[in-house]
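> Prediction below, plus the sequence it came from.
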Amino acid sequence: MALIALALSQTQQSSSLVMRKHLKEAELTPVLRLGAGACAGIIAMSATYPMDMVRGRLTVQTEKSPRQYRGIFHALTTVLREEGPRSLYKGWLPSVIGVIPYVGLNFAVYESLKDWLIKSKALGLVDDNNELGVATRLACGAAAGTVGQTVAYPLDVIRRRMQMAGWKDAASVVTGDGKTKATLEYNGMVDAFRKTVRHEGFGALYKGLVPNSVKVVPSIAIAFVTYEMVKDILGVEMRISD
């Protein structure tokens, strides 16, 4: 999922570093990197999930929508009053499952690609200090963000749809026509997948992938590079891959 793609990525990287301190005696293979990044992402995502759910509803309402949330606090209190506390975590399961390929692959692909370029000295991209330039690291981050985003995107689509489920004005808000229509209902993640594919086709799972990638992929790349540059400025020796 750039909300807060840059800030969330920084949180995930910091959490991942803490985990890696406990693994410093072991070699960080791509599998270990995947696990560390995924665990960090799940913690960060779970802590901020209610705000993401509210953001989704605020985003889709229009001037013609029957329901008009006046802001974050009004949306939170309205959802709690009308749908209960559990509604703030609708779509949490596909989000957790999606974190594993999304955040995990971001870390694994970025670190593995960067290490491969340094060790192989491919394409002459390694400088005299055996380091990669900013442009090359940005490219590694963009490649990592592209892979993670593409693999995890169907789960993000399902998460958004589940966040709308149970909202009595959801259908009208989604279409923006102000007409009364059947309320969107899903009996869990699997049911949401099944109904989406059956009624709209497999391609529906990738609706909005391109504009979302334009937002997310650069933010992931910039987050990785900024993180390492700040560490260099502060004189911190530990790398993300250490």
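Structure received.
> Show me what the host helix or strand of V214 packs onto, helices and strands only.
Using DSSP states H and E, V214 maps to helix 209-234. Packing partners of helix 209-234 (3 or more Cβ pairs under 8 Å, 6 or more residues apart in numbering; DSSP states H and E): helix 5-21, helix 134-164. Backbone N, C-alpha and C define where each C-beta goes, glycine included.
> looking at the ones you listed, which has the lowest confidence?
The minimum mean pLDDT among the helices and strands packed on helix 209-234 belongs to helix 5-21 (a mean of 48).
> Tell me the buried residues in the next helix or strand after that one?
Sequence order places helix 30-60 as the next helix or strand after helix 5-21, per DSSP H and E. Under the neighbour-count criterion of 16 or more other Cβ atoms under 10 Å, helix 30-60 has 32-42, 44-45, 49-50, 52-57, 60 buried.
> Likewise for stretch 126-139?
Neighbour counts using 16+ other Cβ under 10 Å place 126, 132, 136-139 of stretch 126-139 among the buried residues.
> residues making contact with stretch 50-58?
3, 45, 69, 71-72, 75-76, 79, 87-91, 160, 163-164, 167, 173 (Cβ atoms under 8 Å, 6 or more residues apart in numbering).
> May I have that stretch exported as PDB, CA atoms only?
What follows is stretch 50-58, C-alpha atoms only, in PDB (Å, rounded to 0.1, in the frame of the first residue of the first chain):
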ATOM      1  CA  PRO A  50      -7.900   2.200  11.400                       C
ATOM      2  CA  MET A  51      -6.600   5.400   9.900                       C
ATOM      3  CA  ASP A  52      -6.100   3.700   6.600                       C
ATOM      4  CA  MET A  53      -9.700   2.400   6.700                       C
ATOM      5  CA  VAL A  54     -11.100   5.900   7.400                       C
ATOM      6  CA  ARG A  55      -8.900   7.400   4.700                       C
ATOM      7  CA  GLY A  56     -10.400   4.900   2.200                       C
ATOM      8  CA  ARG A  57     -13.900   6.100   3.000                       C
ATOM      9  CA  LEU A  58     -13.000   9.800   2.900                       C
END
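> just use 526 as the starting number from now, easier for me
With the count now opening at 526, the last piece we talked about shows up as stretch 575-583.
> If you average the pLDDT over it, what comes out?
Model confidence over stretch 575-583, given as mean pLDDT, is 86.
> In space, what's closest to V621 - neighbours in sequence excluded?
Among residues not flanking V621 along the chain, I567 sits closest, at 5.6 Å (Cβ to Cβ, 6 or more residues apart in numbering).
> doesn't G623 make contact with the one you found?
No: judged on Cβ atoms under 8 Å, I567 makes no contact with G623 at a distance of 10.0 Å.
> I'd guessed T721 sits against A729; true?
Yes: judged on Cβ under 8 Å, T721 makes contact with A729 at a distance of 5.2 Å.
> Which residues are in contact with each of those two?
When contacts are counted by Cβ under 8 Å, 6+ apart, T721 and A729 are jointly contacted by V682.
> out of the two, which sits in the more crowded spot?
Comparing T721 with A729 by other Cβ atoms under 10 Å, the one with more neighbours is T721, at 19 against 14.
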